[in-house]
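Student: missing the sequence, but the structure's below:
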C-alpha cells in the first residue's frame, strides 16, 4: 500500500512539473547564462539551444558557425534586461508571432543600454531586433529575414527602435519584413551602409530628430525610406532603386523640416522623391535617373531648396501637385542639371536662359492615381505636346540658373563602333548574296 | 512546307525584315550600353523592360509592314490568283500564309534577340528565366501584330492604301488609344474601374508591359491602393491569355470575311 501511495505521489509530482524539467531539467542555455559570472564570456558550441532566454547581467555570448538558438514560438527568443551585453555569431529563429499578447515579440528584445548585436542571423520571428527605451546600442552586420506573409499586420520590422537614442546601426541586411528599420521617438541614431529590400518601407522614421543615415541601399521596397514628422535628419549617399508599385517612392518626406537630402541616387523608382506637408528641407546634389517621376512635390510643401540635382531620363523630372508653392530650384546663382540642350555663351557654367520644367499631368495625378499606369506610354509625350500647344502646361519647376553638364560622358563609343560593325556586316552580307 | 520555304526566301531577299532586325538590334545595343550604369540588383530586368518600351514603337510598325506587304504582294504579283485557281481555297491560303509569315518573322526576331543575348550576357548579370519571359512577350506581341498586318494586306486594294492603313493602325494602337484613355481617366472611379480594367488590359501593349513589370519584379503588387486592387480583379496572366488568343483569332476571322479586298477579278 505504501509503495502504491509513493508511486502515485511520484507520478502526480512528475505530471505537475513543467514539461521541460520533466524531460531533463531547465533550459540549457538559460542555465549556462546563469552560471557565467557578470562581465564574463559564454562561448556556445556548434549546436541548437532552446530559446526564450533572458539575460539579466552584463555578459558576452558568442556562438560558432552553426550555433543556433530556437525559440518555442511563444515569446522573445532572447531578451536582454541588463546593460553591457554582447551577442555574436548566433542563428536565431522562432519568436512568438501572436499579436494577441501584451507585447510584440522579437528574435532579440533589448531593454537596457550599451548592447552590441553582431553577426546574428535572424529569421522566422515577428520583429528581428526590438529596442525599447535603450541607449547606445550597436547593431552590426546582421542578417534579418522577415516572415514575408501576405498580411502586413502579420509582419514585424527588421529592426524596431522605440524611444531609444544614440544607437549605431551598420552593415545589416534586411529583407521581407514590414519595415526594414523602424525608428520612433528616437534621436541621434546613425544608420550606415545597410541594405534593405522587399519591405514596405525600407526605413521608417516617426517623430525622430537629429538622425543620420548614410550610404544605405534601399531596393525593391514599396517605399525606400519614409521620414515622417521628423526634423534635422541628414541623408547622404544613399541609393534608392527599383521601388516600384502603384504608390511607391524612393524617399518620402512628410510633415518634416530642416532635413538635408544630399548626394543620394534615385534610380528607376515609381517616384524618386515625394514631398508632402514639409518645410525648409534642402535637396542637393542628388541624381534622379529613369524614375517615372523624379520629384513629386505637393503644394503643402514649402520653402525647399533644390540645387545641384541631376535629372536624366525620368518620364517626368518634377511634378508639382495641388497648385503653386514657394519652393526654389536655385540658390545663390546655382540651379540643377536638367539634361536639356542649353547655351552658355557667357561661359559662367549656367544656361543663358532660365529652365522651366513644364507638364500637364499634375492635374491628372490629382484627379486619378491610375495616371501612373500611363507615365511610360508613348501617348504621354503627345498629351504633353497637345497641352503645350493649347496652353494647358503648368510650370512644375523654374530654375533661373540651370547648370551646364559638367563632363559629357564618352557615351560608350565602343558600342557605337559595335553597332556600326553590325550594320556594315549586314550590308556586306546582303551585297555578297546579290553578287 | 512550300509556303514556309517560299516565305523564308521572299523575306530574306526583301529589305523590310532586315531593316526591322537591324533597327531593333541597333536600339537594343544602345539600351544594353545604358543598362550597364543601372544599379546591379535588377539591371538586367530593367533593361528588358526598356527593350520592351522601345519595342512598342518598332515591333508593331515592322510587323505590320512586313506581313501586310507579304500578303499584298501575292495579290499584286497574281500568285494568289494562280494558287486559288489551282488547288487552294482562300481559307487554306490564309491559314498557310499566316502560319508561314508568323513562323518566319518570329524566328527572325527571336534569333535576333538570341544574338543580343550574347551582348547582354557579356555586360550584365544575365537571368535566363527573365529573358525567356521577355521572349515570350515579344512572341505574343509579334503574333498579334503580324496577324493584324495580314488582315490589312488582305483588305487593302492598293499599295498607297496599305501604307496609309499601316501607319494609321500603328498610330492608333501606339498613341491614340492611350491618349483617349488619358482624357477619360478623370471619369474612372471605384465603381467602374473594372470596366476600365477590361479596356486597359485588352490593349495588348498594356497587358504585356504589366505582365513583364510584375513578373520581372519591377512592379510590386503588394500594398496596392483600394482602386488599383479593385482594378486587378483578375490575374494579369488571364488577360494576357485572352489577348494572345482573341486578337490573332479575330484578325484571322476578319481576314477570311474581307478576303475579296483588292482581289482582281478580271
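Tutor: Now that the structure is in, tell me what you want to look at. All of these numbers come straight from a predicted model, not from anything done at the bench.
Student: List the buried residues in the helix or strand harbouring residue B:34.
Tutor: Secondary structure from DSSP states H and E places residue B:34 in helix B:16-35. For helix B:16-35, burial by neighbour count (16 or more other Cβ atoms under 10 Å in any protein chain shown) applies to B:17-18, B:20-35. C-beta: built from backbone N, CA, C; applies to glycine.
Student: Residue A:126 contacts residue A:153, correct?
Tutor: No - counting by Cβ atoms under 8 Å, residue A:153 is not a contact partner of residue A:126; they are 10.5 Å apart.
Student: Between those two, tell me which one has more neighbours.
Tutor: For residue A:126 against residue A:153, the residue with the higher neighbour count under other Cβ atoms under 10 Å in any protein chain shown is residue A:126, and the figures read 26 against 8.
Student: for that one, what are its contacts?
Tutor: Neighbour list for residue A:126: A:95, A:96, A:97, A:104, A:105, A:106, A:147, A:155, A:156 [criterion: Cβ atoms under 8 Å, 6 or more residues apart in numbering or on different chains].
Student: The stretch 101-250 of chain B against chain A: which residues are in contact?
Tutor: Taking Cβ under 8 Å from any Cβ of the partner chain as the criterion, the neighbours of chain A within the stretch 101-250 of chain B are B:119, B:174-179, B:181-182, B:185-186, B:188, B:193, B:196, B:200, B:206, B:209, B:213, B:217-225, B:227-228, B:231.
Student: pLDDT weak spots in the stretch 1-150 of chain B?
Tutor: Applying pLDDT under 70 to the predicted model, the residue ranges of the stretch 1-150 of chain B that meet it are B:80.
Student: at 50 instead, please
Tutor: Of all residues in the stretch 1-150 of chain B, none has pLDDT under 50.
Student: how about the helices of it, start to end?
Tutor: Secondary structure of the stretch 1-150 of chain B, counting by DSSP state H, counting those that start in this stretch: helices at B:2-13, B:16-35, B:43-76, B:79-86, B:90-123, B:128-155.
Student: Next: chain A.
Tutor: With helices called from DSSP state H, chain A shows them at A:2-16, A:19-24, A:28-35, A:361-367, A:378-389, A:413-434.
Student: neighbours around residue B:122, how many?
Tutor: Residue B:122 has 9 neighbouring residues, counting by other Cβ under 10 Å.
Student: Look up how far residue A:398 lies from it.
Tutor: With the distance defined as Cβ to Cβ, to the nearest Å, residue B:122 ends up 44 Å from residue A:398.
Student: Pull up the per-residue confidence for the residue of chain A found nearest chain B.
Tutor: When you check chain A against chain B by Cβ to the nearest Cβ, the closest residue turns out to be residue A:379, at 3.3 Å. Model confidence at residue A:379, expressed as pLDDT, equals 89.
Student: Leaving out chain neighbours, which residue sits closest to it?
Tutor: Excluding its sequence neighbours, the residue lying closest to residue A:379 (Cβ to Cβ, 6 or more residues apart in numbering or on different chains) is residue B:178, at 3.3 Å.
Student: Residues in contact with the one helix or strand that neighbour maps to: which ones?
Tutor: Counting by DSSP H and E, the secondary-structure element that holds residue B:178 is helix B:177-184. Residues from elsewhere that reach helix B:177-184, judged by Cβ under 8 Å, 6+ apart: A:364, A:371, A:374, A:377-380, A:382-383, A:386, B:199-200, B:203.
Student: can we see that at 7 Å?
Tutor: Surrounding helix B:177-184, the residues in contact under the criterion Cβ atoms under 7 Å, 6 or more residues apart in numbering or on different chains are A:364, A:374, A:377, A:379, A:382, A:383, B:203.
Student: And for stretch B:150-169?
Tutor: B:64-65, B:67-72, B:98, B:101, B:148, B:251, B:254-255, B:258-259, B:261-262.
Student: and with 8 Å instead?
Tutor: Residues outside stretch B:150-169 that contact it (Cβ under 8 Å, 6+ apart) are B:61, B:64-65, B:67-72, B:76, B:94, B:97-98, B:101, B:148-149, B:251-252, B:254-255, B:258-259, B:261-262.
Student: Can you give me the buried ones in it?
Tutor: Neighbour-count burial for stretch B:150-169, with 16+ other Cβ under 10 Å as criterion, is recorded at B:150, B:151, B:152, B:153, B:154, B:155, B:156, B:162, B:165, B:166, B:169.
Student: Name the spans of the stretch 201-350 of chain A whose pLDDT lies under the cut-off.
Tutor: Screening the stretch 201-350 of chain A residue by residue with the criterion pLDDT under 50, one finds no matching range.
Student: Around chain B, which positions in it sit nearby?
Tutor: Taking Cβ under 8 Å from any Cβ as the criterion, the neighbours of chain B within the stretch 201-350 of chain A are A:217, A:219-220, A:222, A:239, A:241-242, A:244-248, A:265, A:267-268, A:289-290.
Student: what about 7 Å?
Tutor: Taking Cβ under 7 Å from any Cβ of the partner chain as the criterion, the stretch 201-350 of chain A approaches chain B at residues A:219-220, A:222, A:239, A:241-242, A:244-248, A:267-268.
Student: which of these are buried?
Tutor: Applying the neighbour count, that is 16+ other Cβ under 10 Å, the buried entries in these are A:219-220, A:222, A:239, A:241-242, A:244-248, A:267-268.
Student: Please narrow these to those residing in strands.
Tutor: Cross-referencing these against strands under DSSP state E gives A:219, A:239, A:241, A:267.
Student: coming back round to it: packing partners for the helix holding residue B:34?
Tutor: Packed against helix B:16-35 by the contact rule (3 or more Cβ pairs under 7 Å, 6 or more residues apart in numbering or on different chains; DSSP states H and E) you find helix A:413-434, helix B:43-76, helix B:90-123.
Student: Show the average pLDDT along the shortest one.
Tutor: Along helix A:413-434, the predicted confidence averages to a pLDDT of 69.
Student: just to revisit the earlier point, relative to residue A:116, which of the helices of the stretch 1-150 of chain B is closest?
Tutor: Relative to residue A:116, the nearest member of the helices of the stretch 1-150 of chain B by Cβ to Cβ is helix B:43-76, separated by 35.7 Å.
Student: what number of residues lie near whatever residue of the stretch 101-250 of chain B ends up closest to chain A?
Tutor: Evaluated by Cβ to the nearest Cβ, the stretch 101-250 of chain B has residue B:178 as its residue closest to chain A, separated by 3.3 Å. When neighbours are defined as other Cβ under 10 Å, residue B:178 has 22 of them.
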